[in-house]
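Peer 1: Quick one: sequence and predicted model below, then my questions.
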Amino acid sequence: MELRQLRYFIKVAERLNVSEAAKDLCITQSTLSQQIRQLEIELGVQLFDRTSRGVKLTEIGVEMLPYAAKTVQDAEVCIDHISDIQNLKAGMLRVGVSYSFGSMLATVLAKFMKLYPGVKLDIHYKKTDHLMERLCNRQIDLALAFKPERVYPNLETKTLFKRKLSAIVNRYHPLANKKTVSLKDLVPFDMVLVTHGMQARDLFEVLLSKTDIKYHVRAVLNTVPAILQLVRDTQFVTVLSEETIRGDQSLVSIPIDVPGNVMEGCVHWLRDSYVKSSAKELVRLLTEHNSLHEMVNEI
């Protein structure tokens, strides 16, 4: 059974005249009769009583008509909805975000939501490895996170920017006016760090492993906003990507001058899978936003 045949059936039922129905449908009368007959054969029933004066619905035809009409209507609604999704008038976009990208994403999401009010957003903040797992399991459409150490062969990755691991302090901290700091410069200060398994901490540990430097770590937290609030209120130092505090005037980011200190901010998606129009547009806005930010920094 084809939608075309159901449309033909509905038109003939409306007109009760095959010739007039064929004219409305812009097909030949023989083609219309053949398609209606093919539908009857497939269903194993007779839908019309045919006479020399025209046709009329059989009892089964009368019963089938509302179902045929609903089927065609549902198909048209489906086509319209697909068109809306393709044109970013509807749909759902699921995005996974690592904690360091919160500020950047918030700025871009505000623009995205203004441009595409019909698209619903489902945002998940997780550690990078959890985001990659969700992406591989098709639980999210995109992941915004630093490039992981582990290679995921079934994922595609686009680098948005490269950043250094930085010492984050409040504006009144003794280190606040420095252009860069060394690992040794941080020794005199109490530290509050993110937990192991978060990329900033893991890279920091890699850099430290090449030295004999020891720090006084006062607290370890798994939530970046709480760490940043502690840093605002105290003389603690934390170590995160400089991207973490983009736009935050209450804190200062000081790049750590040490070899190997680089983090690639990326957007990730599943290789060889359908990529939603809304996902492509979000990536475009993220790329555009970061390019503008880089230009401003260079001026």
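Peer 2: Cool, the structure landed.
Peer 1: confidence score at residue 101?
Peer 2: Confidence per residue is given as pLDDT, and for residue 101 that number is 81.
Peer 1: and the one helix or strand residue 20 maps to, what does it pack onto?
Peer 2: Element membership for residue 20 (DSSP states H and E) is helix 18-25. Under the contact criterion of 3 or more C-beta pairs under 8 Å, 6 or more residues apart in numbering; DSSP states H and E, helix 18-25 touches helix 3-15, helix 29-43. From N, CA and C alone the C-beta is placed, and that goes for glycine too.
Peer 1: Just the endpoints, please. Distance across stretch 44-57?
Peer 2: 15 Å (C-alpha to C-alpha, to the nearest Å).
Peer 1: Go ahead and name everything in contact with that stretch.
Peer 2: 9, 12-13, 16-18, 36, 39-40, 58, 60-61, 64-65 (C-beta atoms under 8 Å, 6 or more residues apart in numbering).
Peer 1: what do you get for stretch 206-215?
Peer 2: Identification of contacts with stretch 206-215 by C-beta under 8 Å, 6+ apart yields 165, 183-184, 186-187, 191, 256, 258, 260-261.
Peer 1: again, only using 10 Å
Peer 2: Residues outside stretch 206-215 that contact it (C-beta atoms under 10 Å, 6 or more residues apart in numbering): 149, 165, 182-184, 186-191, 193, 204, 237, 239, 256, 258-261.
Peer 1: and that stretch, how far apart are its ends?
Peer 2: The separation between the terminal residues of stretch 206-215, taken as C-alpha to C-alpha, is 14 Å.
Peer 1: Equivalent analysis for stretch 51-61, please.
Peer 2: End-to-end distance of stretch 51-61: 16 Å, with C-alpha to C-alpha as the criterion.
Peer 1: and that stretch, how far out from the chain's middle?
Peer 2: Here stretch 51-61 is found 53 Å from its chain centre; the criterion is C-alpha atoms, centre = their mean, to the nearest Å.
Peer 1: ok, and for it, which residues are buried?
Peer 2: Going by neighbour count (16 or more other C-beta atoms under 10 Å), the buried part of stretch 51-61 is 55, 57, 61.
Peer 1: again with stretch 67-87
Peer 2: Buried, per 16+ other C-beta under 10 Å, within stretch 67-87: 68-69, 71-72, 85.
Peer 1: So for the helix or strand hosting residue 143, mean pLDDT?
Peer 2: For residue 143, the host element (DSSP H and E) is strand 142-146. Confidence for strand 142-146, expressed as mean pLDDT, is 92.
Peer 1: helices or strands next to it in the packing?
Peer 2: For strand 142-146, the packing partners by 3 or more C-beta pairs under 10 Å, 6 or more residues apart in numbering; DSSP states H and E come out as strand 92-97, helix 102-115, helix 128-136, strand 155-163, helix 199-208, strand 263-270, helix 277-298.
Peer 1: worst average pLDDT in those?
Peer 2: Ranked by mean pLDDT, the helices and strands packed on strand 142-146 bottom out at helix 277-298, which scores a mean of 73.
Peer 1: State the distance from residue 215 to residue 7.
Peer 2: Residue 215 sits 73 Å away from residue 7, taking C-beta to C-beta, to the nearest Å as the criterion.
Peer 1: and residue 129, what does it touch?
Peer 2: Residue 129 sits next to 98, 145, 148-150, 152, 197-199, 202 when contact means C-beta under 10 Å, 6+ apart.
Peer 1: can we see that at 7 Å?
Peer 2: Shown here is residue 129, whose contacts under the criterion C-beta atoms under 7 Å, 6 or more residues apart in numbering are 148, 197.
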